[in-house]
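Student: Quick one, fold the following:
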Amino acid sequence: MSDLSLARAALDVSPPSGLGAQVEAMPLRGMVTIRGDLGDAGFAAALQAATGCAVPEVRGSTVSGDTRVLWMSADEVMIFCAWDAAPGVVATFMEKAGDAHVLALDVSDARAVFRVSGEKAWRVLAKGAPVDLERMEPGEVRRTRIATVAAGIVRTDGDAFEIFCFRSFSTYLWNWLCVGAGAESLSDL
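Tutor: Just a heads-up that it's a prediction; the model follows:
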């Protein structure tokens, strides 16, 4: 479990201005990965109890308040929640799952989240991701690569995407997103 008093954002940066899309490094966010049989009724009940969300459809997400559950694969979901809520989500899920063969981990310290928004947001991401982002529906999730970085993308609304990657790649992806959004060079940021 993370010591919440030691929590630090992956990057301490200000959004660049005057670009074709707005790029933001998101504040601390709780993230929990859960693996198990997504089709199992016990898994669904435990997820509902821990998050208030149903199991999402393939490449989809479900939302309850500030909590979002993202489909990651046939046996994995990622939960975005308040930073300080993540340990409780893990504990509640594991308690409700009982003897089921599952794994729930607080991975908040291991990931960074960015938001790219605006009319040209999908175009910025399309420069480096082999995904038809223009046709992604709000709530849709994709696992992909952006400029060689393994990442997840969720379209949160019509003109906004959240991108998450391993924290060790956060500076590289931040710089890439800012340049992709229209800065001529890193010195313009």
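Student: And stretch 63-78, how far out from the chain middle?
Tutor: Averaging C-alpha positions (CA atoms, centre = their mean, to the nearest Å) puts stretch 63-78 9 Å from its chain's average.
Student: What lies in contact with that stretch?
Tutor: Stretch 63-78 is contacted from outside by 31-38, 47, 51-62, 79-82, 85, 89, 139, 141, 143, 152, 154, 164, using CB atoms under 8 Å, 6 or more residues apart in numbering. All C-beta spots, glycine's among them, are computed from the backbone N, C-alpha and C.
Student: Give me the contacts around stretch 147-159.
Tutor: Taking CB under 8 Å, 6+ apart as the rule, stretch 147-159 contacts 61, 68, 70, 72, 78, 115, 117-119, 121, 125, 127-129, 131, 133, 136-146, 161-166, 169, 172-173, 176, 180.
Student: Please report how far the residue positioned nearest the centre of the chain lies from Val58.
Tutor: Closest residue to the average C-alpha location of the chain: Phe164 at 4.5 Å, with CA atoms, centre = their mean. For Phe164, the distance to Val58 equals 19 Å [CB to CB, to the nearest Å].
Student: what does Glu119 give?
Tutor: From Glu119 to Val58 the distance is 28 Å (CB to CB).
Student: got the residue ranges for the strands in this protein?
Tutor: Secondary structure of the chain (DSSP state E): strands located at 22-25, 30-35, 61-64, 67-73, 76-81, 103-106, 111-117, 141-146, 149-157, 160-166.
Student: could you dump those to CSV with distance to Ala97?
Tutor: Below are the strands of the chain laid out as CSV (distance: least, CB to CB, whole Å):
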stretch, distance to Ala97
strand 22-25, 33
strand 30-35, 9
strand 61-64, 18
strand 67-73, 15
strand 76-81, 13
strand 103-106, 8
strand 111-117, 23
strand 141-146, 22
strand 149-157, 23
strand 160-166, 24
